[in-house]
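J.: Got a predicted structure plus its sequence, pasted below:
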Amino acid sequence: MKVSYVNGICVKNDAISNSIRDEVRALRKSGVDDVRLYAYACEYDDIPSTVVSEVRDIAFDPHFLASDVVIFHFGIYYPLFDLLSIVPARARRLVVFHNVTPREFVKPESRALIDQSFSQMSNIAWADHVICVSDTNLEVLRKAGIDTPATVLPLAIHSMSHPPSRKPSVVDNIVRIAFIGRFVKSKGPHELLMALSNVLASNPTCAVKLDMVGNLLFSDPELLAQIETIIATLARQYGRRVEIKIHGNASEEQKHEILQDADLFVLPTYHEGFGVPIVEAISNGCYVIAYDNSNVPSVTNGFGRLVNTGCIDSLSAELAQAVEKVVSAAWRGSGDESYQTFVTHATRYAEEFSPGRVARNFVNLVSKIQ
């Protein structure tokens, strides 16, 4: 089988790029060696690729013209996606849809690009089949009137881990909280800090350590400055009761260590097409608190508490309860409400996103549509 991939970029620290790399590896491992990616840039030497600058660079390429399957990924506007309508007739057209961030969650200067993206999304009607990484994403397509045959296949989670037998808070009673996401308003890092301030004010005996992980290159500098100001204020107000660190561009090893230690994972996000960090956190034994929108309820799957999106009071109240929960005798015991029971179920749930299982399901689907 000859397979062509088309995407704008394939670079490090990018979720769609990681998905493409997973798929190419899965296909090659299954015996499909004749795979080529066409993109404006590719940073991975292990992916056979051709760097292009426009649609015609692909349209007349011999490998593309002889392809049995052409796979596009889509999550933001890029001109190469317009190639979908002129794929050679003999080839099957597959789109992997990652969703588009709604325009209300981006800066005004980015809204024209979001509008272009939703308009270009209609190209998916030309596909023979579409893979959605979540039920939420499939719902977006159906609401847009795109009735292309579809399958929901979750993303593979590579940084999953077995939860520790106990968290460090058992020893020192310092509740550890993790946040993983870009430092932009739609991910709610500043709202987490507001809620944490309320918790510290209402519970004079609690001690908290917050680790915030995010790619600084894709963050909002103005919001980062605001966050640093809030952190400094909390340090002055509460002294040794609170420790907050920003880990910009943290390594996978750092992120793993943070999640292994964390009792709670808090993500006041306004939109998630999938929610990879939530699954990562659950697999590491973190109790989740998040806003109740998009794919968050589905991916959280009962391993935490959801609150009304944008309601700081509700977020504060739930965070306060969770801080008390993870130092309680019940949580540290062995009953139904214990950490021990939580991680038993969490480990089983995380297996649904294991790279091996996701890879097999993907290869099987490509084989069927071919």
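T.: Yep, it's here. Residues are numbered from 1 along each chain as shown.
J.: Any chance you could list what contacts the longest helix anywhere in the chain?
T.: Longest helix of the chain, by residue count under DSSP state H: helix 221-238. Here helix 221-238 makes contact (Cβ atoms under 8 Å, 6 or more residues apart in numbering) with 183-185, 189-190, 193-194, 196-197, 200, 212, 216, 242, 244, 246. Any C-beta I mention is one placed from the backbone N, CA and C, and that applies to glycine too.
J.: And P355, its phi and psi?
T.: Torsion angles at P355 (phi, psi; degrees, to the nearest 10) stand at phi -50, psi -40.
J.: Go ahead and confirm it touches S19.
T.: No: in terms of Cβ atoms under 8 Å, P355 does not count as a neighbour of S19; the distance is 11.2 Å.
J.: okay, these two: which has more neighbours?
T.: Set P355 next to S19 and count neighbours by other Cβ atoms under 10 Å: S19 wins out with 23 against 15.
J.: Now do the one helix or strand the more buried one maps to: everything it contacts.
T.: Element membership of S19 [criterion: DSSP states H and E] is helix 15-29. By Cβ under 8 Å, 6+ apart, the list of residues contacting helix 15-29 from outside reads 3, 5, 7, 9-11, 35, 37, 43-44, 46-47, 71, 73, 75, 96, 98, 133, 155-156, 158, 274, 276, 355, 358-360, 362-363, 366.
J.: Quick check: PyMOL command selecting the buried ones in those.
T.: Buried subset of the contacts of helix 15-29, written as a PyMOL selection, criterion 16 or more other Cβ atoms under 10 Å:
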select buried, resi 3+5+7+10+35+37+44+47+71+73+75+96+98+133+155+156+274+276+358+359+362+363+366
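J.: Could you tell me which of the contacts of helix 15-29 are located in strands?
T.: Residues of those located in strands (DSSP state E): V3, Y5, I9, C10, V35, L37, I71, H73, V96.
J.: check contacts around F118.
T.: Contacts for F118 were tallied using Cβ under 8 Å, 6+ apart; they are V100, A144.
J.: pLDDT score assigned to it?
T.: On pLDDT, F118 comes in at 97.
J.: do G214 as well
T.: According to the prediction, G214 has pLDDT 90.
J.: cool, S159 as well?
T.: pLDDT recorded at S159 is 75.
J.: burial count for it?
T.: The burial count assigned to S159 is 16, neighbours taken as other Cβ under 10 Å.
J.: pretty sure it is touching E280, no?
T.: Yes: S159 is within contact range of E280, at 5.3 Å (criterion: Cβ under 8 Å).
J.: Need the overlap of contacts for the two.
T.: Residues touching both S159 and E280 (Cβ under 8 Å, 6+ apart) are K255.
J.: re earlier: export only the CA atoms of the helix or strand that the longest helix of the chain is followed by, formatted as PDB.
T.: Counting by DSSP H and E, the next helix or strand C-terminal to helix 221-238 is strand 242-248. C-alpha atoms of strand 242-248 as PDB (Å, rounded to 0.1, in the frame of the first residue of the first chain):
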ATOM      1  CA  VAL A 242       2.200  28.300  49.400                       C
ATOM      2  CA  GLU A 243       4.900  27.500  46.800                       C
ATOM      3  CA  ILE A 244       4.200  28.100  43.100                       C
ATOM      4  CA  LYS A 245       6.600  27.400  40.200                       C
ATOM      5  CA  ILE A 246       6.300  28.000  36.500                       C
ATOM      6  CA  HIS A 247       8.000  25.300  34.400                       C
ATOM      7  CA  GLY A 248       8.300  26.700  30.900                       C
END
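J.: which residues touch strand 242-248?
T.: The set of residues external to strand 242-248 that reach it, using Cβ under 8 Å, 6+ apart, is 183, 193, 196, 200, 207-216, 219, 224, 227-228, 231, 234-235, 254-255, 258.
J.: Select only the buried ones of these in ChimeraX?
T.: Restricted to buried positions by 16+ other Cβ under 10 Å, the ChimeraX selection for the contacts of strand 242-248 reads:
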select :183,193,196,200,207,208,209,210,211,212,213,214,219,224,227,231,234,255,258
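J.: mind listing which of the contacts of strand 242-248 are in strands?
T.: Taking DSSP E, the ones among the contacts of strand 242-248 that sit in strands are A207, V208, K209, L210, D211, M212, V213, G214.
J.: Please name the bridge partners of the fifth one.
T.: Partner residues in beta bridges with D211, using DSSP bridges, are A178, K245.
J.: Helices of the protein, residue ranges please.
T.: 15-29, 55-59, 62-65, 111-120, 135-143, 169-172, 189-202, 221-238, 252-261, 276-283, 296-300, 312-325, 339-350, 355-369.
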